[in-house]
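>>> Show me the folded form of this:
(one chain, ligands or ions: 2)
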Amino acid sequence: MTLSLGCVADDYTGASDLANTLTKAGLRTVQTIGIPADDLALPEVDAVVVALKSRSIPADRAVALSREADAWLRGRGAAHVMFKICSTFDSTDQGNIGPVLDALREDAGEAIALVTPAFPETGRSVYQGHLFVGAVPLDESPLKDHPLNPMRDANLVRVLARQSAGPVGLIDMATVAKGADSVRERLAALAGEGKAAAIADAIFDADLETLGRAALAHKVSCGASGLGLGLARALAQPGSADPAADVLAEPVGGLAACLAGSCSQVTLQQIEAAEALMPVLRLDPERLIAEGAAIEEALAWAGERVESGPVLIASSASPEAVRALQARHGVERAGHAIEGALAHLAAAFVARGVRRLVVAGGETSGAVVDHLGLRAFRVGPEIAAGVPVLRTAAGEPMLLALKSGNFGGRDFFGRALGMMR
Ligand SMILES: Nc1ncnc2c1ncn2[C@@H]1O[C@H](COP(=O)(O)OP(=O)(O)OP(=O)(O)O)[C@@H](O)[C@H]1O
Ligand SMILES: O=C(O)[C@@H](O)C(=O)CO
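Ligands and ions are numbered 1, 2, ... in the order given. Purely as a prediction, here's the structure:
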């Protein structure tokens, strides 16, 4: 297997999002969970997205994992590796985007790397280095209240510089509009000035196509699915068959369930809408942290209900409730305890025959998939922008949807289950 493109993603839902984009653009793609073991047999593919859970862990650990993933991909022939980050640039002044990118760039022997989190399909655009979420700058968007990494500065040149070893420059829209050669020249000029990374403006898919072509002249780049689209369109063979087509050909059957740990406004609305379609249990996060009994009660609640149709269990709460819980228990402790509880519920569901599982939230999905021991997925059709149906590539056949907190319409849970047969 010689890969056209290798990707290292900093969380599992983000990896699915990218794998979805690459698949739609015509690249046969597999998403692995962590760095694949030598005995994992992968189908013949064009791209592998190695999903890490490295967004919110200590920076030195994120660097070590990402370097290992990068080395695995290079060992399978990937000449270009994209580091997939969140389209809302989720990070803190300690990292992990800057430290990981510094390390991958140095390992590749590159002076500079192109960076853009723009993803027009989900309303993320970058102008003069400022990230917009829909119509508002990042720091006015709901991301300012993110439970783990509140984003309070929309100027990504500044944000990335605070967490990087080297200085950061800008490739502005006027340069992008002139085409890939002009972007490559600007990258070279910025590298000559000693810049180690360059935030690139992008508003439309066409801008990302330009950036994808320019980035391929280098060995490493960093971005969200928008950059993946640009890279994939530059690499895909025209007229190739739809790589997602046969993933759902054979039904998986079994029971179905949904778990939500994301507290984003989008997920909160989706849970509200799901109440019209299936039984929904809202967990008490305080009890979940304090007592193991809360998990057993949730399982008892799901008992007969899940035998007769899908159920949804959510820990999700409003920003005020999240802040209050975090103040009492600490951000990490609260987050990990709740992720652990949802992962435990997922395993209990699978033991009861659930084979179709929808999970909302990146960290939450990471905890669930790890606990279930799933290792790789083939990428099926898209449920909503950034969220494909995934089918296990090894072991017990299962269908999963791993949803980033901010993705999907109000009807997401119903829509996902409708596609997962
Ligand atoms: N009621 C709650 N109070 C405090 N923290 C919570 C609560 N419910 C869930 N959490 C924690 O909040 C975090 C949510 O992160 P997660 O990545 O799962 O969702 P997200 O940030 O919306 O999604 P994404 O990372 O894909 O944008 C997790 O660590 C989860 O355990
Ligand atoms: O890029 C995005 O917004 C998503 O793929 C993601 O990573 C959110 O966690």
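
>>> doesn't residue 22 make contact with residue 232?
Yes - if you go by C-beta atoms under 8 Å, residue 232 and residue 22 touch, sitting 4.7 Å apart. All C-beta atoms are positioned from the backbone trio N, CA, C, and that covers glycine.

>>> More neighbours: which of the two?
Shown here are residue 232 and residue 22; by other C-beta atoms under 10 Å, residue 22 has more neighbours (32 against 27).

>>> Now do the contacts for residue 124.
Applying C-beta atoms under 8 Å, 6 or more residues apart in numbering, we find residue 124 in contact with 87-88, 117-118, 131-133, 224, 226.

>>> list residues touching both of residue 232 and residue 22?
5, 47.

>>> Pull up the pairing partners for the lengthiest strand in the chain, direction included.
Secondary structure of the chain per DSSP state E: the longest strand is strand 376-384. According to DSSP bridges, strand 376-384 forms sheet pairs with strand 29-33 (antiparallel), strand 387-392 (antiparallel).

>>> Count the residues that sit near residue 330.
Neighbours around residue 330, by other C-beta under 10 Å: 12.

>>> And residue 222, by the same measure?
26.

>>> and if you look at residue 118?
30.

>>> State the distance from it to residue 188.
Using C-beta to C-beta, to the nearest Å, residue 118 is found at 22 Å from residue 188.

>>> ok, now residue 374?
Distance, residue 374 to residue 188, using C-beta to C-beta: 42 Å.

>>> Now the closest residue to residue 108 other than its chain neighbours, what are its backbone angles?
Distance criterion C-beta to C-beta, 6 or more residues apart in numbering; nearest residue to residue 108, sequence neighbours excluded, is residue 219 at 3.8 Å. With angles defined as degrees, to the nearest 10, residue 219 sits at phi -90, psi -10.

>>> Now the closest residue to ligand 1 within the stretch 1-150 of the chain: which helix or strand?
Residue of the stretch 1-150 of the chain nearest ligand 1, by C-beta to the nearest ligand atom: residue 147 (4.1 Å). Under the criterion DSSP states H and E, no helix or strand holds residue 147.

>>> Neighbours of it, how many?
Neighbours of residue 147 (other C-beta under 10 Å): 23.

>>> now swap in residue 234 and tell me
Residue 234: 20 neighbours (other C-beta under 10 Å).

>>> got it, and residue 41?
By the criterion of other C-beta under 10 Å, residue 41 has 8 neighbours.

>>> Quick check: it touching residue 375?
No - Residue 41 is not in contact with residue 375 according to C-beta under 8 Å; the separation is 10.4 Å.
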